[in-house]
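A.B. asks: requesting a structural model of the entry that follows:
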Amino acid sequence: MTSFDEPLTKALDPKTAKLLESVLDLRTAGDLLRHYPRRYAERGELTDFEDLQPDEHVTVVGEVTRAMRRPMRNKGGTWLEVEIVDGRRGKIYLSFFGRASHIAETRLRPGVRGMFAGKVGAFGQGDKRRWQLSHPEFEMFDESQDGAERFAAALVPIYPAGKDVTPWAIRRALGVLLDTLEPLDDPLPAELRTRR
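C.D. replies: Sure thing, here's the model as predicted:
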């Protein structure tokens, strides 16, 4: 079990602990648990593809139909474009760059279904308009609609982060700590708890 005073080097993997210390000066489990979110983002309710609006934060459910590596025009390297469909006529394109593109490429293969949450961008005009989510959060799921709605309704904490430490990495580290944290003393006196 983890205690508040335990060094992060013992509670987390050493690489993560070292990054949290060097970038954010977080040394103990208590330091990380007191690193509060600066805000909460809403993934949004599930959105039909036909109801998309530019710059809106949405969560959509779709099936991957295609994943292609594309060359970057002004830089060396490639990026990943993933096409998802809603089972009707709607399509959205997901864009992933850098390391995230390699992670997404292993999970987002044609035929898999999932939920995708992010900010909508629109490219082109009229019939040629394409909807895009850049670096969306995603979760693959079974066919359960309840799972989709729970994912869409969840608030997402956005933690103060820094170079090489993303809010997602902080969320994962906190998840590890909360799973192993020893039971905490209730701050309310026993007499008050009994009476109420």
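
A.B. asks: longest helix of this protein?
C.D. replies: Taking DSSP state H as the criterion, the chain has its longest helix at helix 167-180.

A.B. asks: quick one: average pLDDT of the following helix or strand past that one?
C.D. replies: Downstream of helix 167-180, the first helix or strand assigned by DSSP states H and E is helix 190-195. The average pLDDT within helix 190-195 is 92.

A.B. asks: now tell me what touches helix 190-195 from outside.
C.D. replies: With contacts defined as Cβ atoms under 8 Å, 6 or more residues apart in numbering, helix 190-195 is touched by Asp186. Backbone N, C-alpha and C define where each C-beta goes, glycine included.

A.B. asks: and stretch 125-140, by the same measure?
C.D. replies: Contacts of stretch 125-140 (Cβ under 8 Å, 6+ apart): 43, 49, 52, 58, 91-97, 100, 104, 107-108, 112-124, 151, 156, 168.

A.B. asks: in strands, which of these fall?
C.D. replies: Counting by DSSP state E, the part of the contacts of stretch 125-140 found in strands is 58, 91-96, 113-123, 156.

A.B. asks: quick one: buried ones out of those?
C.D. replies: Buried members of those, counted by 16 or more other Cβ atoms under 10 Å: 58, 92-96, 114-120, 156.

A.B. asks: and of the residues you listed, the nearest to Asp13?
C.D. replies: Nearest to Asp13, judged by Cβ to Cβ, of those is Val156 at 22.9 Å.

A.B. asks: so what pLDDT did Gly114 get?
C.D. replies: So Gly114 comes in at 84 (pLDDT).
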